[in-house]
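Undergrad: Give me the fold of what follows.
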Amino acid sequence: MKRVKILMMICVLLGMHSCHLFKDNCEDTEAPEINFGMKAGGTVKFTSWEGTDITDQFEGKILTITFYKDHCNGAISGPFEHTYSIDKYGELWRNEIGYWSFKMNNTQDRMRTRFYYLGKSLSSPVYDDYDDMKPYDGSIAIHKYMINISLNSDNTTVHDVYVDRLN
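TA: Predicted coordinates for the structure are as follows:
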């Protein structure tokens, strides 16, 4: 019984000591708070297996763009999503009104934008850190993208995607 109490006391002491060993590194990278809104838009182009532009065949289909906020401490907020209808020219028309608002107060915070079609992620995320978003403090960041989707031989399954931010 005495051994159990001693082991418990050692565990408590080690636990208290480890709090100081693993200091929150976010304190070292704190920054003035910025507040901004985020919207996205742009154009999508669908290319057949043979290399033909078949975007007009996807008129009315839905593409989803999501935002996540990655906090310095590893926490993630989101997804915050908008859905877009694709017109016959590939223009993305947002199905909702308004925008998502965010704040950052650490240089290690970042925004992550992802693109989904038919519920599947299209590419690696696009990241914007504190310094990227600082110019939008008090306003709305409207990022425009060109999304090129190459399809497999069935012309429905995504083979490859290239996402390019235009601004």
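
Undergrad: Now do the helices in the chain.
TA: Applying DSSP state H to the chain gives helices spanning 2-21, 130-133.

Undergrad: contacting residues around the closest residue to residue 101 other than its chain neighbours?
TA: In space, and not counting its chain neighbours, residue 101 is closest to residue 37: 5.1 Å by C-beta to C-beta, 6 or more residues apart in numbering. Bear in mind the C-beta positions are built from the backbone N, C-alpha and C, glycine included. Going by C-beta atoms under 8 Å, 6 or more residues apart in numbering, residue 37 touches 99, 100, 101, 102, 136, 139, 140, 141.

Undergrad: And the pLDDT for the last one?
TA: If I follow you right, that is residue 141. Note for residue 141: predicted pLDDT of 95.

Undergrad: for the second one, same thing?
TA: pLDDT recorded at residue 100 is 91.

Undergrad: same thing with the one 5 residues further on?
TA: Residue 105 is assigned a pLDDT of 96 by the prediction.

Undergrad: Please report how far it lies from residue 158.
TA: Separation of residue 105 from residue 158 (C-beta to C-beta, to the nearest Å): 37 Å.

Undergrad: ditto for residue 60
TA: Residue 60 is 18 Å from residue 158, by C-beta to C-beta.

Undergrad: More neighbours: the two, which one.
TA: residue 158 (16 against 8; other C-beta atoms under 10 Å).
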